[in-house]
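Engineer: take this sequence and fold it.
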Amino acid sequence: MSRPDRLLTIIMLAAVGASIYAAALRWRAEMPNRTVAVIVDWQEVEVLAAAAGVTMPRALARLRAAGATDVALAEQHLSELVASGEVTVLSPAAAGLEDESAAVGAPAAVGAPTVVLSAYDIATADRVRAYLAAKLPPLAGQAGALSAVGAPAAVGAPTAVGAPTAVGALSPLLIPCRASQPYLETVGLGWPVERPSVAADAGLGVVARMDNYPGARPKAITFMAAQAAAAGAHLVIFSRDQVLGYPGLVGETAQVLQAAGLDYGSVELAGQLGDYGLGRALDGAVIRVHSIAEGEMTTLSPPVAVARYVRAVRERNIRACYVRLFLAPRERLMQFNEHYLSALARGLRLAGYGTGGPQSAHRPSPFPPVGVPLWAVMLMVAGAVAAAVFALGRVIPLSERWSYLLLILGVAAGAGLFKPAPYTLRAEGALLAAIAFPAIGLIAVARGARAAVGAPTAVGAPTGRADPAAGALAARAAAWLLGACVISLGGGLVAAGLLSERLYMSKVLQFTGVKLALAAPLLAVGLVWTLDLYSRGRWPAYRSRVQDNFRRVWNRPVYVWEALVAAVLVAAAAVMIMRSGNQPAVEVSGLELRAREMLEQVLLARPRTKEFLIGHPALMLAVAMALRGRTRWVLLLLLLGAVGQASLVNTFCHLHTPLLISLVRTANGLWLGLAIGSLVVWVWDRLRGAGAETCQQ
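Structural biologist: Numbers count the residues shown, from 1 in each chain. Below you'll find the model as predicted:
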């Protein structure tokens, strides 16, 4: 090993050590945070209570006893209040508020009400009036507001809803509004004041659901947060497809939530507009929420739904389950949903998580900052750069001067990015580590396979080496696989260490290089094997050899079967890349989903199919074939083996997956891959030996 290689190796090992320290800090942030909220929806509970013939307080108490911890209160809208008979929409004339001047044909007074809301009771009228006063924008022309007898209201009267201040001038049940009825329908009007106390009496906490609406202002956002806090809410989950304040006031929403002591619940896969901006403004201090769409509930059974919620908590840092109830007709509907919630609470406990509630000392909370120190970040960046230089030195001849120069330039570029763009530095360093580390191991395996069959262009028999038995052959192939996996694991740890921040753990930020990190090792292995890209000799000899190999490959005739195999491989690679990432473009088949569920039931963390069933066995078989002097399918198997190594690194790049789950998943993939690969090598070698004996006879 040359002096630059020794230095690069030392830096890579130091980077892995720094990543282990970062992993310990992340572990310390993850492990104590194991309380999960189980939230039911007030409106769904109302339907369930009516269907079961029980009162709402009784239904809430029974669901609390079954495992629910919170109830979500959504803002009512005008149409709901009208449908329930709590509010009636009147014209100004029907309410007796028509301007006297309009009666003789003159234009209506400036600021005259467009519609008048008539409430059924004082409490509803006061609530609706307060919400409209806070949410509707102030209008000019205050002197034109009308009283019950047609006289203009006093200057300075409330302008949001037009209610005069003169005692007895207007019925307390009438609420004049200068906004049209369609616009009023977009404005949330809060919830009945008794609902939080009913929830508290049942032992349930409150989760506030709020709507964004056109014309939202900082005053309205502050008012809504104050109302949620007054109701005893600890968590806010926004309704519909936008967060409150989107697009221009998301920063104000973050400040108001923090000032009111409210946590933001980010619903995964919901695609709410403004979710990313609010998460960034909160510096990742969010609670991840999982829910099942209402349409899906008709096709799921309780065990499947429970497994889905538990999996989300265990594998994706979900800390609030927004549980949809089963409301389809069936006997004993209340008991059915009680058993459902009990099964969910039991599943969470078996997975090592507790459920918090108003009486609990622990409530779901955002992850604390990890706080990886600067020296560790820069050391890991230097390790990623060193790995890239080391990998480059395996495929092209690099002088000592060039090796040192590339290392210095890479580290200097990283140091220059730390102040102006720290998250860009972390993301690019993680991507470099995710590509370079597995490339080192795969290039070493490919180079060893080339050496095992003799000359670079050899396609024939063994070169006189001892012919090990099938068991010994499998053991040697397993050793090569373990070596490659250790190097890839180092890359995964470095990438994870660089991304160990709360923004990534809460999935506000995501590792965007997943697809590139999967594709790059395949491309590297293909080029290295095909063109014999090994840094042997000096530049003139190296260049001549690569050019000759390129011309040989370019001018080589392609058989039909080779074209078909290549087409299948390209299609498979495209599907793999589209299925990768946080939101894959290709859905997983039902058969594979059932297989995954079986593995989850047996193992703590399901290993990745790309590793234990494809990549690891393929890499072992490639090594075995090379050791036997067979090169016909080695390139194909090396490419499949590269998939397994890239997948291993990719496992650690999903920071919303707990570190323990990633480690167990990798270990499960490795031992299963070793077992399957050893069996495949043994069977192949036995069949090869039997075929050779038949030919000799």
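Engineer: for the stretch 251-400 of the chain, which segments count as helices?
Structural biologist: Ranges of helices in the stretch 251-400 of the chain, per DSSP state H, counting those that start in this stretch, are 275-281, 294-297, 302-316, 333-350, 374-395, 400-418.
Engineer: show me which residues of the fifth one are buried.
Structural biologist: When burial is assessed from 16 or more other Cβ atoms under 10 Å, helix 374-395 yields the following buried residues: 376-395. For the C-beta atoms, the positions are set from N, CA and C on the backbone; glycine is no exception.
Engineer: pull out the buried positions in stretch 502-514.
Structural biologist: For stretch 502-514, a neighbour-count test (16+ other Cβ under 10 Å) marks 502-511, 513-514 as buried.
Engineer: out of those residues, which one sits closest to residue 307?
Structural biologist: Using Cβ to Cβ, residue 507 comes nearest to residue 307 of the buried residues of stretch 502-514, at 21.0 Å.
Engineer: Three-state assignment for the closest one, please.
Structural biologist: Recorded secondary structure, residue 507: coil (DSSP: H, G, I helix; E, B strand; the rest coil).
Engineer: one more: residue 137?
Structural biologist: Applying three-state DSSP: residue 137 is coil.
Engineer: give me the phi and psi for it.
Structural biologist: Per-residue torsions, residue 137: phi -70, psi 150 (degrees, to the nearest 10).
Engineer: distance of it relative to residue 328?
Structural biologist: Counting by Cβ to Cβ, to the nearest Å, the gap between residue 137 and residue 328 amounts to 44 Å.
Engineer: kindly report the same for residue 522.
Structural biologist: Distance of residue 522 to residue 328, computed by Cβ to Cβ: 47 Å.
Engineer: of these two, who's got more company?
Structural biologist: residue 522 (22 against 9; other Cβ atoms under 10 Å).
Engineer: which non-adjacent residue is nearest the more buried one?
Structural biologist: Leaving aside its sequence neighbours, residue 522 sits nearest to residue 642 (Cβ to Cβ, 6 or more residues apart in numbering; 4.8 Å).
Engineer: and what of residue 520?
Structural biologist: That would be residue 435: by Cβ to Cβ, 6+ apart, it lies 4.6 Å from residue 520.
Engineer: so who does the one you found touch?
Structural biologist: The contact partners of residue 435, taken as Cβ atoms under 8 Å, 6 or more residues apart in numbering, are 388, 516-517, 520-521.
Engineer: from these, which is closest to residue 89?
Structural biologist: Nearest member of these to residue 89, counting by Cβ to Cβ, is residue 516, at 56.5 Å.
Engineer: so what touches whatever helix or strand that closest one lives in?
Structural biologist: Element membership of residue 516 [criterion: DSSP states H and E] is helix 514-531. Residues outside helix 514-531 that contact it (Cβ under 8 Å, 6+ apart) are 391, 395, 431, 434-435, 438-439, 442-443, 446-447, 449-450, 533-534, 546, 549-550, 553, 573, 576-577, 580-582, 634-635, 638-639, 641-643, 645-647, 649-650, 653.
Engineer: mind checking the SS state of residue 38?
Structural biologist: strand.
Engineer: tell me where this structure has strands.
Structural biologist: Counting by DSSP state E, one finds strands in the chain at the ranges 35-41, 70-74, 87-90, 115-119, 174-177, 205-210, 233-238, 263-267, 286-291, 320-322, 354-355.
Engineer: give me whichever of those is most buried.
Structural biologist: strand 320-322 (a mean of 28; mean count of other Cβ atoms under 10 Å).
Engineer: isn't residue 189 up against residue 81?
Structural biologist: Yes: the criterion here is Cβ atoms under 8 Å, and residue 189 meets it with residue 81 at 6.7 Å.
Engineer: now the common contact residues for the two.
Structural biologist: Counting by Cβ under 8 Å, 6+ apart, the common neighbours of residue 189 and residue 81 are residue 128.
Engineer: returning to that earlier point: quick check: mean pLDDT across the helix holding residue 516?
Structural biologist: The average pLDDT for helix 514-531 rounds to 84.
Engineer: just the angle for that helix relative to helix 374-395, thanks.
Structural biologist: 30 degrees (axes from the mean of the first three to the mean of the last three Cα atoms, to 10 degrees).
Engineer: just to revisit the earlier point, report the buried members of the contacts of helix 514-531.
Structural biologist: 391, 395, 431, 434-435, 438-439, 442-443, 446-447, 449-450, 533-534, 546, 549, 573, 576-577, 580-581, 634-635, 638-639, 641-643, 645-647, 649-650, 653.
Engineer: now, those residues that are in helices?
Structural biologist: 391, 395, 431, 434-435, 438-439, 442-443, 446-447, 449-450, 546, 549, 573, 576-577, 634-635, 638-639, 641-643, 645-647, 649-650 (DSSP state H).
Engineer: output the strands of the chain as a markdown table; include the columns mean pLDDT and distance to residue 9.
Structural biologist: Formatted as a markdown table, the strands of the chain follow (pLDDT from 0 to 100; distance: least, Cβ to Cβ, whole Å):
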| stretch | mean pLDDT | distance to residue 9 |
| --- | --- | --- |
| strand 35-41 | 95 | 43 |
| strand 70-74 | 95 | 53 |
| strand 87-90 | 90 | 74 |
| strand 115-119 | 89 | 75 |
| strand 174-177 | 88 | 74 |
| strand 205-210 | 95 | 52 |
| strand 233-238 | 95 | 49 |
| strand 263-267 | 95 | 42 |
| strand 286-291 | 96 | 39 |
| strand 320-322 | 96 | 45 |
| strand 354-355 | 88 | 45 |
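Engineer: ok, which of those comes nearest residue 410?
Structural biologist: Taking Cβ to Cβ, strand 286-291 is the member of those nearest to residue 410, at 33.9 Å.
Engineer: now the nearest residue to residue 43 once chain neighbours are set aside: how far from residue 236?
Structural biologist: Nearest residue to residue 43 in three dimensions, chain neighbours excluded: residue 74, at 6.7 Å (Cβ to Cβ, 6+ apart). Taking Cβ to Cβ as the measure, residue 74 falls 11 Å from residue 236.
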